[in-house]
Structures are given as structure tokens and as C-alpha cells.
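> no FASTA, just this:
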């Protein structure tokens, strides 16, 4: 018992203070080790502002004349890759998402299989998927579309499965009690509840895919990335700047479009 | 069009529900319901009363096998449904209408679509998907909505309705099944006292009009006594009272709920 007026209070116990110190110390060690591994060459680091200025000078003035002949078609191809890829992802994600939702498919093995498919789709980077499908289909838009589709299945499927699992069980119970077959229960019980989430996810993924499909051309999977790759290799910096500007413009337009449509459906 | 236009002609066998020695154990050796037997037929309405957690909800859900009973037999209009599964069970469930405490409507669908959900056991998924319900079903739905005073809300979304209106839609959905028995699980517990009375009136009225036996789980003993023709009191999984509401005395209520201080 402490006498009145002699209370002491500390936010952390001695043990917790020790633990916090160990964690901070660990961070400091990790930071210094990684700095040594990166091997920053000071001369190159100090030189970088000059290099950036040089690059900007080469990029200026922009070669706008290159847009109609060289960029426009590739940019449209990029949009097509993104849209078709998203569509492919939606078609694949619905069955996999349903299989992954444990309140619809009550077979743990199938839930687990669906999760495996979704995780493997997500754990492989878009560029790696692109390299794979370029090897399968050869360079071009087809490889890009399938790549975008496969990469997006994991994202759309996971979020779709989660939306299904969060659906209110009340209406489902009511339709079951009415003797509805499970396809009808899905169409009239689950789907109306998850439809806004589903379209929201689809739009969000399309937005991401517009950006990703601009990059995958670097490894030959079609679209504006291939044009960018060529311009970079030939040191046509004035063309590179126009390409970057058009990608930027398209991404902004996609973003505005998606935000607007989302507002309407939710 | 009136409701009478589609009630079945006279001479058909009386609709009924019979439970024989129904037992439900969630964990073996600890029965929630032990040996429940009763029969309801014609257009009689039965209130099931009893303390919370005594298995009233379980009892109602055992009837249509939303919860699988451990043992005992269930007959709907003479057909034994306990052993059924798959398609046969679905077809048996069409004969059992159910009304819920939280209404359990599909919030984002219109009133009409919610009412038509009562036909999902009869209509193929493809027709339901394309919203091509048989004209007879549409007529029934309109007539029913008119008779419960919701004809102006046909195209409104269910989530725009008040609690009482939602429960009416829930009841219409159950009646659309043309059930042989109507189960109501605490249909008034989410509603104010005035609306509760209206909902009880509607349930009893529709049950009598369509000659569907009605079974209501209810907390409110006064409402039960006022609207039903028979009261079944359950305590600790056993029927401790089964008789007309007029004979339900304070002594019985003591047995059902335990204690007596709450009875003034």
C-alpha cells in the first residue's frame, strides 16, 4: 500500500521500455546495414541535379507532331487492353469469388482452392505476368490483355468474395425458407446486396489497369509502353516527354470518369 | 381483382401442421427442445410464448428445417417432411410461409420484387433472373398488395419503407407461397405498440381468409391473448401450457416465466 499523495504513474513498465528500445535499436541497425549494401556513390549523387536539368533540356520542346502518327494508336490500344483485360477479370472473378465466399460454398476445400487461385494471381507482379504471356502469345496486345486479366482476377475476386461474405444473412434465410433454388437465392438474395460493391470494384480496377497497361508494353505486351520503350532506346527525349504527358492525361481522365460513375451507382 | 379470386375452392383437404416428439440438441445431451408435440389445423392461430432462450426460435426454424431437428416428426398437411433433403425439401418449404422479426426483405429490391420472392420456389431461376414471372403471380401480387394497403408503393425500394410497411411486405411475400402453414417469429418485436396491433390483426385476418394455420412466436402475452385462439407456453424446452387464452392464468405464467414479482 502506498501512502496517500505518493502515487506514481508511468506510461510503460520497465519491461515495455526495454522492448521499445530493442525495436528502435533494430530499426537503426537495419537502416545502416541497408545503406552500406546500396553503396551510394557520392559523386553520382551530387551530380544528379545537373543530369536532371540536362534531361529536361533534351525533353524540351515537346515533339507534338509525333502524337498523331506515333502515339495515338498505341494509346488507344492501351485503353483497349485495360478495358478488355478488366472484362476478362470480371468474368473469371465471379465464379472464383463465389467459390471463395464461405457463406455460399460451404466446402472448406473449395474455399481454400479459390483463395489459392486469388492469392497466386495477386502475388505475381503485372510485369512478370506480361513476360509470361509474351512468351506464350508473342509480343502484342493479346499478351497484354490476358496479363491484365490474370493480374486483376485476384484483386476483384478477393474483394467480391469479401462483399459476399458481408451480405446480410436475413434475406438469404427468407429466400431459403421460401424454397428457392440456390441460383435464385444468389440472383435475388446475394446479388442485389453486393452489386454496388461489385461495380465499384470493377471501376476501381479499370482505373488501376489503365495505369498498369501503360507499363507492360516495356516488356513487349502491346500498347503505349512499347512506343515509350522505343523512344527511350533511341534517346528521342522530346518524344518521351509527349508520351509521358499523354499517359498522364489519360490517367487523369480515367480517374475523373471513375469518380463520377461511382458517385452515381453508390 | 380480389383476393377471393385465387383462394382455393372449397372441398380441398384442410391445411395443417403436426409435430410429434420433436427434439433438438445443439450439443448432445443438452436438449433445447425436448419432446414437443402439437397440431394446428384449419385457420386457427396459435401463439407460442415463453422466456427468452427457451427455444421458441429454434422450434419455428425446425419446422422448415432451417435448423435440423435431432429427432421427432413433422407433418405438413399430412406429408412427413423430416427426412426430406435437396429438391424435395425445397418443395416442402414452399408450403411453409415464414415471417421474420427483422422482416428480412431484400433492401435494394422493389416492394413488388420482394413480394414476388415468395414465388422463387415455383419459378425457374432463369425466369426470376429475367423478371419474367408468370402473369398469374403478378396478378396475385398486385391483389395482395392492394389488400394490405401498399398498392402505391409497388415500385418503391424496400429500404424506403417504414417498419410496419416492411413487415406487411414480409407477410405478403409469405402468403405468395400459398403456404399450408404460416410461421411468424417475433413479428412485432421491432415495431411500436400501435403498429404491432395492426400487424397482428393482419396476420390473423390473412390466416383466416386464406385458411392457413398460423403459429406466432411472441413475447407480448397481452397481444397473444388478444389475437390468437390458442396459447402454447414453453419453458425449458417443454410445453407447460396448451389451451385457450382465456384460461391462461397468472399461475400458468409463473410456471412459464418463473418468479412472480413481475406480475404486479
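Done, it's in. Treat the numbers as computed from the prediction; the structure is a model and nothing was measured.

> tell me how far residue B:19 lies from residue B:244.
20 Å (CB to CB, to the nearest Å). Every C-beta, even on glycine, is put in place using the N, C-alpha and C of the backbone.

> do the same with residue A:97
Residue A:97 is 54 Å from residue B:244, by CB to CB.

> how about residue A:247?
For residue A:247 relative to residue B:244 (CB to CB), the value is 80 Å.

> of the two, who's got more company?
residue A:247 (20 against 11; other CB atoms under 10 Å in any protein chain shown).

> element containing that one?
helix A:237-265 (DSSP states H and E).

> apart from its neighbours in sequence, what residue is nearest residue A:227?
If the residues on either side of it in the chain are set aside, residue A:227 comes closest to residue A:74, at 4.5 Å by CB to CB, 6 or more residues apart in numbering or on different chains.

> residues contacting the one you found?
A:217, A:223, A:224, A:226, A:227 (CB atoms under 8 Å, 6 or more residues apart in numbering or on different chains).

> which residues of the stretch 151-266 of chain A lie near chain B?
A:168, A:170-171, A:173-181, A:183-185, A:187-189, A:192-193, A:195-196 (CB under 8 Å from any CB of the partner chain).

> helix, strand, or coil at the closest residue to chain B within the stretch 151-266 of chain A?
In the stretch 151-266 of chain A, the residue that lies nearest chain B is residue A:179 (3.0 Å; CB to the nearest CB). Judged by DSSP: H, G, I helix; E, B strand; the rest coil, the three-state class of residue A:179 is coil.

> neighbours of it, just the number please.
That count, for residue A:179 with other CB under 10 Å as the rule, works out to 24.

> list the contacts of it.
Applying CB under 8 Å, 6+ apart, the residues contacting residue A:179 are B:90, B:91, B:92, B:93, B:94, B:120, B:121, B:177.

> quick one: low-confidence parts of the stretch 51-200 of chain A?
The model of the stretch 51-200 of chain A has no residue with pLDDT under 70.

> how far does the helix or strand hosting residue A:96 sit from the chain's center?
Using DSSP H and E, the element containing residue A:96 is helix A:72-100. Offset of helix A:72-100 from its chain centre (CA atoms, centre = their mean, to the nearest Å): 13 Å.

> which other helices and strands does the helix or strand following it contact?
Downstream of helix A:72-100, the first helix or strand assigned by DSSP H and E is helix A:108-123. If you count contacts as 3 or more CB pairs under 8 Å, 6 or more residues apart in numbering or on different chains; DSSP states H and E, helix A:108-123 packs onto helix A:72-100, helix A:141-165.

> okay, angle between the first one and helix A:141-165 too, please.
Right, helix A:72-100. 40 degrees (axes from the mean of the first three to the mean of the last three CA atoms, to 10 degrees).

> tell me the contacts of the most centrally placed residue in chain A?
Nearest residue to the geometric centre of chain A (CA atoms, centre = their mean): residue A:208, 5.6 Å. Each residue near residue A:208 by CB under 8 Å, 6+ apart is listed here: A:152, A:155.

> what's the answer for residue A:191, then?
Applying CB under 8 Å, 6+ apart, no residues contact residue A:191.

> report the contact partners of the closest residue in space to residue A:240 that isn't next to it in sequence.
Nearest residue to residue A:240, sequence neighbours excluded (CB to CB, 6+ apart): residue A:231, at 4.8 Å. Neighbour list for residue A:231: A:237, A:239, A:240, A:243 [criterion: CB under 8 Å, 6+ apart].

> out of the residues you listed, which comes closest to residue A:27?
Checking the contacts of residue A:231 against residue A:27 with CB to CB, the nearest one is residue A:240 at 38.4 Å.

> shouldn't the closest one be in contact with residue A:228?
Yes - the pair residue A:240 / residue A:228 is scored as a contact, 6.8 Å apart, by CB atoms under 8 Å.

> of all of chain B, which residue lies closest to chain A?
residue B:121 (3.0 Å).

> how deep is that residue tucked in, by neighbour count?
Counted with other CB under 10 Å, the neighbours of residue B:121 add up to 22.

> residues contacting it?
A:178, A:179, A:180, A:181, B:90, B:91, B:93, B:94, B:177.

> about what we covered before: please pick the buried ones from the contacts of residue A:179.
Using 16 or more other CB atoms under 10 Å in any protein chain shown as the burial test, those include B:90, B:92, B:93, B:94, B:120, B:121, B:177 as buried.

> give me the element the residue nearest to residue A:240 is part of.
helix A:224-233.

> and that helix, which residues are buried?
A:224, A:225, A:226, A:227, A:228, A:230, A:231.

> the first one and residue A:78 touch, don't they?
Yes - under the criterion of CB under 8 Å, residue A:224 is in contact with residue A:78, at a separation of 4.6 Å.

> what touches both of those two?
A:214, A:217.

> neighbours around residue A:260, how many?
10.

> to clarify, my last question referred to residue B:81.
Residue B:81: 21 surrounding residues under other CB under 10 Å.

> so who does it touch?
By CB under 8 Å, 6+ apart, the neighbours of residue B:81 are B:65, B:74, B:75, B:89, B:92.

> same question for residue A:67.
Counted by CB under 8 Å, 6+ apart, residue A:67 has contacts A:242, A:246.

> go again with 6 Å.
Residue A:67 sits next to residue A:242 when contact means CB atoms under 6 Å, 6 or more residues apart in numbering or on different chains.

> so which pair among the contacts of residue A:74 is furthest apart in space?
A:223 and A:227 (8.1 Å).

> does residue B:46 count as helix, strand or coil?
Assignment for residue B:46 (three-state DSSP): strand.

> please give me every residue in contact with it.
Contacts of residue B:46 (CB under 6 Å, 6+ apart): B:40, B:215, B:230, B:232.

> then residue B:36?
So residue B:36 contacts B:19, B:22 (CB under 6 Å, 6+ apart).

> quick one, phi psi at residue A:9?
Residue A:9 adopts backbone torsions of phi -140, psi 130, taken as degrees, to the nearest 10.

> run through the strands of the stretch 1-150 of chain B in chain order.
B:16-27, B:30-41, B:45-49, B:71-76, B:79-80, B:96-99 (DSSP state E, counting those that start in this stretch).

> identify the residues contacting the helix or strand hosting residue B:255?
Assigned by DSSP H and E, residue B:255 belongs to helix B:250-257. Helix B:250-257 has contacts (CB under 6 Å, 6+ apart) with B:50, B:51, B:233, B:235, B:240, B:241, B:260, B:263.
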